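**Q** generate a structure from the sequence data that follows.
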Amino acid sequence: MGKRDLEQARILEERFAEHADAGRAQEALAAIDEAIDLRRQDSQDSQGGQDDAASLNALANALYSRSLVLAATDGSQAALEAIGEATGIWRQVTEKDQAIGMPNLALALTAMSDQQAAAGDDEAALTSVDEAVKIYTFLQGVVPDQAMLPTASALGGQAIIRFRMGDHTGALEAMTEAVTTVRMLAVQDPEPHRDPLAVALNNLATLQVRAGEIAAAVGTLEEVATIVSKLTDTEPDVYKPVLDTVLANLQQARAHAAAS
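**A** Just a heads-up that it's a prediction; the model follows:
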């Protein structure tokens, strides 16, 4: 495959991004489908060569992009097929180059879990996110700055699925671990991690309320309110409505706790 074809694939991928950002799903899909055809041909031509892993990675990236647009436009089965193929390719890439393959494999597994859950297949979704958490946990020991937030996000997804499947204890453990992970980042670098910490804590509080652990939820929501209050001081237009909601939830949780 020539350089001209590879350049055309890159142009199509850029065109896809522009259409996707503008909400033009059909145009985005048309562009990425054409790019996938070119990437697939390049991966076949490069098989066994020194550019094999890079070619496969580019193909998987294009398939991953396709799956996200399809998932957002009710093309759930086609989205699952695309993310499933991307995941399989990134497994191959991981065997050739872990530094490229493993982070992308974990990313694909997390996306696949989300899509499986949306399709009502919680068992498959939990299997996918469990594997993603294992990979991200490993990566925390290698590239912690890059892996910690994705780990927390995967743990949050894992917690929600566990809770939905009736494993309330496992769900709370996973969400608590997500909070702990983000809190470590917030201690090291507070400014960019206040918002993710507030989100993780709020998700934990939601599960605590649903599990009947109201007193624990009150303490968690108090911390959320403190963090969001600080964020409101700097960006009131963004965070004042959020703070109002948190305070209302906190008031309700306190009332519930007092009545118990």
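**Q** okay, now the domains of the protein?
**A** Using automatic domain parsing, the domain parsing of the chain gives 1-108, 143-260.
**Q** what's the closest of those domains to I135?
**A** Proximity of these to I135 was assessed by Cβ to Cβ; the nearest stretch is domain 1-108, lying at 4.0 Å. C-beta coordinates here come from the backbone N, C-alpha and C atoms, glycine included.
**Q** model confidence over that closest one, on average?
**A** Over the span of domain 1-108, the pLDDT mean works out to 92.
**Q** sorry, back to before: quick one: closest of the domains of the chain to A119.
**A** Of all these, it is domain 1-108 that lies closest to A119, at 5.2 Å by Cβ to Cβ.
**Q** how many neighbouring residues does R210 have?
**A** 13 (other Cβ atoms under 10 Å).
**Q** separation between it and A171?
**A** 9 Å (Cβ to Cβ, to the nearest Å).
**Q** overlap in contacts, these two.
**A** F163 (Cβ atoms under 8 Å, 6 or more residues apart in numbering).
**Q** the domains of the chain: which one's closest to A117?
**A** A117 lies closest to domain 143-260 among the domains of the chain, at 6.0 Å (Cβ to Cβ).
**Q** now find how far off-centre that closest one is within its chain.
**A** 16 Å (Cα atoms, centre = their mean, to the nearest Å).
**Q** also stretch 34-41?
**A** How far stretch 34-41 lies from its chain's middle: 25 Å, per Cα atoms, centre = their mean.
**Q** next: stretch 131-148.
**A** 13 Å.
**Q** end to end on it, go ahead and measure it.
**A** Chord length of stretch 131-148, first to last residue, is 15 Å (Cα to Cα, to the nearest Å).
**Q** what's it in contact with?
**A** For stretch 131-148, using Cβ under 8 Å, 6+ apart, the contacting residues are 102-103, 105-107, 109-110, 113, 150-151, 154-155, 158, 181-182, 184-185.
**Q** out of these, which sit inside helices?
**A** 102-103, 105-107, 109-110, 113, 150-151, 154-155, 158, 181-182, 184-185 (DSSP state H).
**Q** so E223 sits against L204, correct?
**A** No: using Cβ atoms under 8 Å, E223 is not in contact with L204; the gap is 9.6 Å.
**Q** these two: which is more packed in?
**A** L204 (26 against 17).
**Q** apart from its neighbours in sequence, what residue is nearest the more buried one?
**A** Counting by Cβ to Cβ, 6 or more residues apart in numbering, M175 is the residue found nearest to L204 once chain neighbours are left out, at 4.6 Å.
**Q** can I assume the one you found is in contact with L155?
**A** Yes: contact between M175 and L155 holds when scored by Cβ under 8 Å: they sit 6.9 Å apart.
**Q** thinking again about what came up before, and the contacts of stretch 131-148, which are buried?
**A** 102-103, 105-107, 109-110, 113, 150-151, 154-155, 158, 181-182, 185 (16 or more other Cβ atoms under 10 Å).
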